[in-house]
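Q: Please work out how this folds:
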Amino acid sequence: LTFLSQPANIGLKAHDIHAVPNHCRRYAADTIIPYLITIDHFILIKKGLIFIFSFWLELAVIVICLAIGGRFSGIGLGVAGGFGLAILTLGFGLPVGEMPTSVVFIIMTVITCVSLLQGAGGLDYMISMAEKILRKKPSAITFLGPLVSYIFTVICGTSYVAFSVYPVIAEIAINAKVRPERAMSMSVIASNMAVCASPTSAIAAAMIAITAPIGVTPLSLLAVTVPACLIGVLVGCLFVYKRGAELADDPEFKRRVATGQFQEDYVLERDTQNATTSAKVSVVIFLLAIAIIVGMTSHPDLLPNIGPGGKPISVPTLLQIMMLATGAIIMVVCRVPRDKLDSGSVFKSGLIGAVGILGISWMTDTFFATHLKFITDVFAQTLIQYPMLFGAMLFVTSMVLYSPAATAVALMPIGVSLGLPAEVLIGLIPATCAVFIIPGGAQISCVAFDRTGTTKIGRFGFNHSYLIPGLVSMAASTVLSLAIAYIIF
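A: As a prediction, the model looks like this:
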């Protein structure tokens, strides 16, 4: 004890036992050294508890900000993410994460091109063609309505454009004496699922940028999502084909007819013959550009070599360049008026989505980049062994964020960092489409479009016409997407 109490020997550790005189060693080994080891362990435990507390507190900040952003949606997601970023960096002192410049730039260039397509009249021309297809076979509206919505969204990259055909689908179903709920519910779900299969959608832009480092090309991505989501939509259409009472036997429809609340009304068909040549040419230019992009990015050898070293251009950069160039060609060849360059609905909705993704992605990257080693040590093996847990995370997050793209940007980089294989990440893309769980603009609007009252939102909000068809379509799409991804990758 006298030896240990000397100033030169204070703080003696277990590995310094050789410095203790022989007559002190036995006593020290039995009493003093274990005590000193306990102090070291206590300090480590204290640091560990502080880290765990900080980790969960920071994660709680992210969850709260996501919930607030999901409540307001749109740019609300972006500013809520920015607020969370401020708390994490200025409050907790975390290093600022990487800004999602590649994803945001892809989205901005794509919506710029699509906006010019809209300004040239190309979108209106495609809508008129969609209406013409729907009216050719009214009795098959339960299948044709969702399929047209799916194809239309795949081409344009945003589900907002399908709003133009929802009223037509409702009226065609009514005139054909088919329960409108069947076609309306699946048309909304089909448009949601088509976002994952569109080469010009925000989630496609995000996945291209996120998974390019692990060898995923746009062609391999679309080879999985396009057939999987399409078949998932068809499964959903089969599910709702005889769902609910026939229109003539529906109690709510009978009540509306008896009270005079429902009256026959017909929507005039749009005249496709008067579509301008510029509108048709803009559609051809746009589709041709998409085909060229998919073809050039299908294999690394097809990418142009640029720079002094002759290195292949990156896929995200090529997509940005091609979209801007295509927009310029449409603008000049089709002579888009100045007042229509950026006044369309597509440009506004696209910018809103870009702002939302910027804030959310920046916030989540700041957190996960800081704690990547801890997350990898704790969760990596579990998620690799049970990938459906990652799918459940995508499902819940998309339900809160109300955006497949924001969900992918928030969680897919984590999957890449944890070492999840490409087939799992690509195969689980349909799980980001749980935006139908909480009724939004499309669901509420379609309830209003259905004058028969068969399409409805229940008293509790969640028990609505879209819930079960959406879950069926999503489950089928996810299973098929995983199966196809395991074959391709």
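
Q: May I see the buried residues of the host helix or strand of Ala173?
A: Per DSSP states H and E: Ala173 is located in helix 166-175. The neighbour-count check on helix 166-175 (16 or more other Cβ atoms under 10 Å) flags Tyr166, Pro167, Val168, Ile169, Ala170, Glu171, Ile172, Ala173, Ile174 as buried. C-beta coordinates here come from the backbone N, C-alpha and C atoms, glycine included.

Q: Also stretch 231-241?
A: Buried-residue list, stretch 231-241, by 16+ other Cβ under 10 Å: Ile231, Gly232, Val233, Leu234, Val235, Gly236, Cys237, Phe239, Val240.

Q: any idea of the mean pLDDT in it?
A: The pLDDT scores in stretch 231-241 average 92.

Q: quick one, helices of the stretch 301-450 of the chain?
A: For the stretch 301-450 of the chain, the helices defined by DSSP state H, counting those that start in this stretch occupy 315-333, 345-370, 372-385, 387-401, 404-417, 422-427, 441-449.

Q: show me the contacts for Ile106.
A: If a contact means Cβ atoms under 8 Å, 6 or more residues apart in numbering, then Ile106 has Ala205, Ala206, Ile208, Ala209, Pro316, Leu319, Gln320, Met323 as its contacts.

Q: Quick check: closest non-adjacent residue to it.
A: In space, and not counting its chain neighbours, Ile106 is closest to Ala205: 3.6 Å by Cβ to Cβ, 6 or more residues apart in numbering.

Q: Around that neighbour, count how many other residues there are.
A: A total of 34 residues lie near Ala205 under the criterion other Cβ atoms under 10 Å.

Q: which SSE is it in?
A: Secondary structure assignment for Ala205, by DSSP H and E: helix 202-211.

Q: I'd like the distance from the helix or strand just after that helix to the chain centre, please.
A: Sequence-wise, the next helix or strand downstream of helix 202-211 (DSSP H and E) is helix 218-240. Counting by Cα atoms, centre = their mean, to the nearest Å, helix 218-240 is centred 16 Å from the centre of its parent chain.

Q: same for helix 218-240, what does it pack against?
A: Contact here means 3 or more Cβ pairs under 8 Å, 6 or more residues apart in numbering; DSSP states H and E; on that basis helix 218-240 packs against helix 141-156, helix 180-197, helix 202-211, helix 277-296, helix 422-427, helix 467-488.

Q: could those be laid out in CSV, adding distance to Thr101 and mean pLDDT?
A: CSV is the format used below for the helices and strands packed on helix 218-240 (distance: least, Cβ to Cβ, whole Å; pLDDT from 0 to 100):
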stretch, distance to Thr101, mean pLDDT
helix 141-156, 24, 85
helix 180-197, 22, 88
helix 202-211, 9, 83
helix 277-296, 20, 83
helix 422-427, 21, 90
helix 467-488, 27, 91
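
Q: Highest mean neighbour count out of these?
A: helix 180-197 (a mean of 30; mean count of other Cβ atoms under 10 Å).

Q: what packs against it?
A: When contacts are defined as 3+ Cβ pairs under 8 Å, 6+ apart, helix 180-197 sits against helix 141-156, helix 166-175, helix 202-211, helix 218-240, helix 404-417, helix 441-449, helix 467-488.

Q: Can you list the buried residues in the helix or strand just after the fourth one?
A: Meaning helix 218-240. On the C-terminal side of helix 218-240, the nearest following helix or strand under DSSP H and E is helix 251-258. Residues Phe253, Lys254, Arg256 are the ones in helix 251-258 that count as buried (16+ other Cβ under 10 Å).

Q: can you redo these as TSV with pLDDT?
A: Formatted as TSV, the buried residues of helix 251-258 follow (pLDDT from 0 to 100):
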residue	pLDDT
Phe253	82
Lys254	84
Arg256	81
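
Q: Which of the residues you listed sits closest to Leu247?
A: The closest of the buried residues of helix 251-258 to Leu247 turns out to be Phe253 (Cβ to Cβ; 5.8 Å).

Q: which residue sits closest to that closest one in space, ignoring its chain neighbours?
A: Thr452 (4.5 Å).

Q: Tell me which residue lies nearest the centroid of this structure.
A: Pro404 (1.7 Å; Cα atoms, centre = their mean).

Q: I'd like to know how far the closest residue to it other than its chain neighbours sits from Ser278.
A: In space, and not counting its chain neighbours, Pro404 is closest to Thr432: 4.0 Å by Cβ to Cβ, 6+ apart. Applying Cβ to Cβ, to the nearest Å, the value for Thr432 to Ser278 is 36 Å.

Q: contacting residues for Ala408?
A: Contacts for Ala408 (Cβ under 8 Å, 6+ apart) come out as Ile203, Ala206, Met207, Ile210, Leu394, Ile429, Thr432.

Q: who's in contact with the first one?
A: Right, the one you point to is Ile203. Counting by Cβ under 8 Å, 6+ apart, Ile203 makes contact with Val195, Cys196, Pro404, Ala405, Ala408, Ile429, Thr432.

Q: What of the fifth one?
A: Residues near Leu394 by Cβ under 8 Å, 6+ apart: Thr407, Ala408, Leu411, Leu428, Ala431, Thr432.

Q: Please save the CA atoms from stretch 71-85 in CSV.
A: Output of stretch 71-85 as CSV, limited to C-alpha atoms (Å, rounded to 0.1, in the frame of the first residue of the first chain):
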residue,chain,number,x,y,z
ARG,A,71,-47.3,15.6,-42.1
PHE,A,72,-46.8,18.7,-44.3
SER,A,73,-45.2,16.8,-47.3
GLY,A,74,-43.7,18.6,-50.3
ILE,A,75,-41.1,21.2,-49.4
GLY,A,76,-42.2,20.5,-45.8
LEU,A,77,-40.0,17.4,-46.0
GLY,A,78,-37.1,19.5,-47.1
VAL,A,79,-37.3,22.2,-44.4
ALA,A,80,-38.0,19.6,-41.7
GLY,A,81,-34.9,17.7,-42.9
GLY,A,82,-32.9,21.0,-42.8
PHE,A,83,-34.1,21.6,-39.2
GLY,A,84,-33.0,18.2,-38.2
LEU,A,85,-29.6,18.7,-39.9
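
Q: what comes into contact with that stretch?
A: Applying Cβ under 8 Å, 6+ apart, the external contacts of stretch 71-85 come out as 61-62, 64-66, 68-70, 96-97, 352, 355-364, 366, 401-403, 406, 440.

Q: so who does the residue nearest to Thr109 when sequence neighbours are not counted touch?
A: Excluding the flanking residues, the one nearest Thr109 by Cβ to Cβ, 6+ apart is Met323, at 4.0 Å. By Cβ under 8 Å, 6+ apart, the contact set of Met323 is Ile106, Thr109, Val110, Thr112, Cys113, Thr200, Ala289.

Q: Looking at the residues you listed, point me to the pair that's furthest apart.
A: The span of the contacts of Met323, defined through Cβ to Cβ, is set by Ile106 and Ala289 at 14.3 Å.

Q: Tell me if I'm right that Ile488 and Pro421 touch.
A: No. Using Cβ atoms under 8 Å, Ile488 is not in contact with Pro421, being 11.8 Å away.

Q: quick one on the thing from earlier: can I get the contacts of Ile106 in JSON lines including distance to Gly119?
A: JSON lines is the format used below for the contacts of Ile106 (distance: Cβ to Cβ, whole Å):
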{"residue": "Ala205", "distance to Gly119": "21"}
{"residue": "Ala206", "distance to Gly119": "25"}
{"residue": "Ile208", "distance to Gly119": "25"}
{"residue": "Ala209", "distance to Gly119": "27"}
{"residue": "Pro316", "distance to Gly119": "25"}
{"residue": "Leu319", "distance to Gly119": "21"}
{"residue": "Gln320", "distance to Gly119": "20"}
{"residue": "Met323", "distance to Gly119": "15"}
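
Q: Sounds good, over and out.
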